[in-house]
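Visitor: This is the structure alone, sequence omitted:
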């Protein structure tokens, strides 16, 4: 049984994605949220059970996914120290290292720190697992099945998790902003809004697919589109002049830095 503590945007996305992929059945998933309205609404939508007591839910599950805000982790885990003893805990809380989580928990609680992102909802998520993990081999396999079913999965060093937050954890927001900006440009150039947005979104989707499937460096793929003296190289020159590359790099660094401060 997999239990979710926290059914907000991220917890809800993972839960929906796992059930949509049919890795788990409805009767194998339990929910708890401090907002009974929020957990009840998600439970009704997905056909799973929401509990009014976190302790009762934890007692029913052998693996728990902690999906609360970083500033709530300490309070939640301190109150569940005995309940989580001997169980497997997956934490998606930014800033909470394996060492910090271990300090709050019973020594028998096994920990896996995970950094997913919201595209898990549509089966296109990107998740990183920390190698500083105390799960059994069987539990690692289960966790990999859950998250591989909703996208791609990589194992990274614990010290790299904050960088993962900067790139893929927060990354969907950058992508949405870029799609919106492309669509705005299309509207300014004369396209209807809906059509401009579809063109922009599908272009980003296809471009990402080419990076993942071709194995080529993004710069090489960019060069393939840039004909000498053509429209694309003119646009690339404009983006470079406006500092797009530096702005994105700085955004990733700022998000990574903030992730390290959240706990």
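Guide: Received, thanks. Note that the coordinates shown come from a computational prediction; the quantities given were computed from them, not determined experimentally. Numbers count the residues shown, from 1 in each chain.

Visitor: Next, count neighbours for residue 140.
Guide: 17 (other Cβ atoms under 10 Å). For every residue, glycine as well, the C-beta is placed using N, CA and C.

Visitor: Kindly apply the preceding question to residue 231 instead.
Guide: The burial count for residue 231: 10, using other Cβ under 10 Å.

Visitor: How is this protein divided into domains?
Guide: Domain segmentation of the chain under automatic domain parsing yields 2-161, 171-261.

Visitor: And the last one, how far out from the chain middle?
Guide: Between the centre of domain 171-261 and the centre of its chain there are 20 Å (Cα atoms, centre = their mean, to the nearest Å).

Visitor: thinking again about what came up before, okay, the domains of the chain in TSV with mean pLDDT next?
Guide: As requested, the domains of the chain are exported to TSV (pLDDT from 0 to 100):
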stretch	mean pLDDT
domain 2-161	95
domain 171-261	97
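
Visitor: Show me the strands in the stretch 1-150 of the chain, by range?
Guide: 2-5, 29-32, 49-50, 63-66, 88-91, 110-115, 125-130 (DSSP state E, counting those that start in this stretch).

Visitor: Specify the stretch among these that is closest to residue 56.
Guide: Distance to residue 56, taken as Cβ to Cβ, is lowest for strand 29-32 among the strands of the stretch 1-150 of the chain, at 8.4 Å.

Visitor: Which parts of the stretch 1-150 of the chain are helices?
Guide: Here the stretch 1-150 of the chain has its helices, by DSSP state H, counting those that start in this stretch, at 9-20, 36-46, 54-60, 73-78, 98-104, 137-148.

Visitor: Of these, which is nearest residue 84?
Guide: Minimum separation from residue 84 across those (Cβ to Cβ) falls at helix 54-60, 6.3 Å.

Visitor: list the buried ones in the closest one?
Guide: Within helix 54-60, the residues scored as buried using 16 or more other Cβ atoms under 10 Å are 54, 57-58.

Visitor: go on, stretch 207-216?
Guide: Going through stretch 207-216 with 16+ other Cβ under 10 Å, nothing comes out buried.

Visitor: Over to stretch 14-28?
Guide: Quick answer for stretch 14-28 (16+ other Cβ under 10 Å): 14-19, 21, 23-24.

Visitor: Over to stretch 60-67?
Guide: For stretch 60-67, using 16+ other Cβ under 10 Å, the buried residues are 61, 63-67.
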